[in-house]
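>>> Sequence first, then the predicted structure:
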Amino acid sequence: MSEMRKKQADFAFREQVSTMARERMGISEIGEMISLVLENGALSFGAGEPSADMFPKEQIRDAMTKAFGDSDVWGYHHDEFGLMELREWIAGRMSADDMLPAWADAANIIITNGGGEAMSLVTEALVDPGALVLVESPTYTESLLTFRKQGAVCVSIASDDDGIIPDELARVVSSRKARFLYTIPNFQNPSGRTTPLDRRLKILEILRDSDVALVEDDPYHYLSYDGCPLTSYIKLAGDDKRVIHCSSFSKIIAPGLRAGWAVIPDALIDIFCTLRISSGLGRPLAIQKGIWHYLSEVDFAGRVEALRAEYRGRRGVMLDSIEKHLTPLGIKTNRPAGGFFIWGNMPAGMSARKFAHYAVKEEKIGIIPGTAFYPSGEEASGDGSFRMSYAKVSSDSIDEGMTRLARAFRVFMSR
């Protein structure tokens, strides 16, 4: 009997594990660095998350109390796209901020389990195994994993300080048929770059000519520190309904609520509805109602300005600290106009991946190497770069972290 139990305990699922799980999935490099930060008790510039002290905890608690007081939150919610009142709020907010085209309204909006589920639904709707997906260079790691899970072949388009280079996009789409271009146009993760208006218009023109869709991931839209953010790709495209717009409440309220949304063209509504039903029906109504109660009562403009003021201050402290500690060492960084991230370039010949492992273990300071932000097979393109975030680090801790980072650079460069 004990031998039978041992055989059952040793069952390894060798014949049962799917091709997707076996060949397309793996632990991300960001996850690896986060684990090293925790193991070494390190200070981290790697966490691309909002700061917990900016969560409106009391207001959300009150809003959730109201939500759970509604009798209809305890059963199934039969609108697969989510709470209509919340979708109407999103449509109204986007329209007021010049982000929504005339053809779109609440019926085109689906509430998702954070921005991640929005990207999963898009990928399931548009990607077959072997299909080509175009991405920025560099791009968001978790989206790469989502595309790869569905079997996509991801190809990066050369980018500069203004994002995707239109001529490079035109060159690629002239020779290869892609399903869509994925872009984070505002304060991009990981590079902090923002694509200017003239370039957005040129990119849309190229996509029209080549019959390629565009997936716009815009979770940092409201975190603009140097002026008003640009309008969305979905608005710029007008009646050409080739753009899917995705966003999230994670940065403007709190990530633990796991709430985001996608604005989808009419042609995809039935497909998204079927995908939602197949993945577990609707999303929790109580959470959606709580978010709606909060947004209905909060001074949204005031909330956004408070976030901007705090993160603008942290960005300034980090940029000043970089100038003091890293610039003299030959390390170059950019100045993002918003968002959470600063992109750095190592001196020629240095490996960011090797340095990141050294720094977290020897000086207890974490950064994310650029190799994490490139498709499979292209990782070497990012080995001279790294990402830092000021979002989750207090201003008082930034200079200490930069001191550790500079000390690690000096020793690493002399080895």
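On my side now, so go ahead.
>>> okay, CA-based contacts and neighbour counts for the rest of this
Fine.
>>> ranges for the helices of the stretch 101-250 of the chain?
Ranges of helices in the stretch 101-250 of the chain, per DSSP state H, counting those that start in this stretch, are 114-126, 141-149, 166-173, 197-210, 233-236.
>>> Mean neighbour count, these: which tops it?
helix 233-236 (a mean of 23; mean count of other Cα atoms under 10 Å).
>>> Measure how far that helix is from the centre of its chain, please.
19 Å (Cα atoms, centre = their mean, to the nearest Å).
>>> which residues touch that helix?
Contact partners of helix 233-236, identified using Cα atoms under 8 Å, 6 or more residues apart in numbering, comprise 98-101, 200-201, 204, 216, 241, 243-245.
>>> rewinding a little: for residue 399, find the nearest of the helices of the stretch 101-250 of the chain.
helix 141-149 (27.3 Å; Cα to Cα).
>>> name the helices or strands packed onto that closest one?
helix 114-126, strand 153-157 (3 or more Cα pairs under 8 Å, 6 or more residues apart in numbering; DSSP states H and E).
>>> try 10 Å this time
helix 29-39, helix 114-126, strand 132-136, strand 153-157 (3 or more Cα pairs under 10 Å, 6 or more residues apart in numbering; DSSP states H and E).
>>> which residues does residue 260 contact?
110-118, 219, 246-250, 288 (Cα atoms under 10 Å, 6 or more residues apart in numbering).
>>> sorry, back to before: could you dump the helices and strands packed on helix 141-149 to a markdown table with mean pLDDT?
Putting the helices and strands packed on helix 141-149 into a markdown table (pLDDT from 0 to 100) gives the following:
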| stretch | mean pLDDT |
| --- | --- |
| helix 29-39 | 87 |
| helix 114-126 | 93 |
| strand 132-136 | 97 |
| strand 153-157 | 95 |
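>>> Quick check: mean pLDDT of the strand or helix carrying residue 86?
Per DSSP states H and E, residue 86 falls inside helix 84-96. Average pLDDT, helix 84-96: 97.
>>> Against which helices or strands is that helix packed?
Using 3+ Cα pairs under 10 Å, 6+ apart, helix 84-96 sits against strand 109-112, strand 260-263, helix 285-297.
>>> quick one, which of these is nearest to residue 65?
Residue 65 lies closest, by Cα to Cα, to one member of the helices and strands packed on helix 84-96: helix 285-297, at 7.7 Å.
>>> can you list contacts of the closest one?
56, 59-79, 82-90, 111-112, 249, 253, 257-260, 300.
>>> Just the buried subset of those residues, please.
Neighbour counting over the contacts of helix 285-297 (16 or more other Cα atoms under 10 Å) leaves 59-60, 63-64, 67-68, 73, 77, 82-84, 86-88, 90, 111-112, 249, 253, 257-260 as the buried ones.
>>> Where in this protein is the helix or strand with the lowest mean pLDDT?
helix 2-9 (a mean of 59; mean pLDDT, DSSP states H and E).
>>> for whatever helix or strand comes next after that one, what is the average pLDDT?
Moving toward the C-terminus from helix 2-9, the next helix or strand (DSSP H and E) is helix 19. Regarding helix 19, the rounded mean pLDDT is 75.
>>> now stretch 176-192
97.
>>> and the longest helix for the protein?
helix 300-325 (DSSP state H).
>>> Now it: buried residues?
304, 307-308, 310-312, 314-315, 317-319, 321-322, 325.
>>> Mind listing what's buried along stretch 377-387?
Of the residues in stretch 377-387, 378, 382-387 count as buried by neighbour count, 16+ other Cα under 10 Å.
>>> Can you tell me the closest non-neighbouring residue to residue 247?
residue 219 (4.6 Å; Cα to Cα, 6 or more residues apart in numbering).
>>> Check residue 318 too.
residue 398 (6.2 Å).
>>> The one you found contacts residue 313, correct?
No: look at residue 398 against residue 313 with Cα atoms under 10 Å: they stay out of range, at 11.4 Å.
>>> Out of the helices and strands packed on helix 84-96, flag the one nearest residue 43.
Here strand 260-263 is closest among these (Cα to Cα), at 29.2 Å.
>>> Tell me which helix or strand comes right after that closest one.
Scanning onward from strand 260-263 (DSSP H and E), the first element met is helix 269-278.
>>> I'd like the mean pLDDT over that following helix, please.
90.
>>> For it, C-alpha coordinates in CSV please.
What follows is helix 269-278, C-alpha atoms only, in CSV (Å, rounded to 0.1, in the frame of the first residue of the first chain):
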residue,chain,number,x,y,z
ILE,A,269,-17.9,42.1,-29.5
ASP,A,270,-19.4,38.7,-30.0
ILE,A,271,-16.0,37.0,-30.0
PHE,A,272,-15.0,38.7,-26.7
CYS,A,273,-18.4,37.7,-25.2
THR,A,274,-17.8,34.1,-26.1
LEU,A,275,-14.2,34.2,-24.8
ARG,A,276,-15.4,35.7,-21.5
ILE,A,277,-18.1,33.0,-21.0
SER,A,278,-15.6,30.3,-21.7
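>>> Renumber starting at 9 from here on
Yes, from this point I'll number from 9; that puts the last item at helix 277-286.
>>> so how far is it from its chain's centroid?
With Cα atoms, centre = their mean, you get 23 Å for helix 277-286.
>>> Contacts for that helix, please.
Helix 277-286 has contacts (Cα under 10 Å, 6+ apart) with 87-89, 115-118, 120, 125-126, 128-130, 132-134, 271-272, 289-291.
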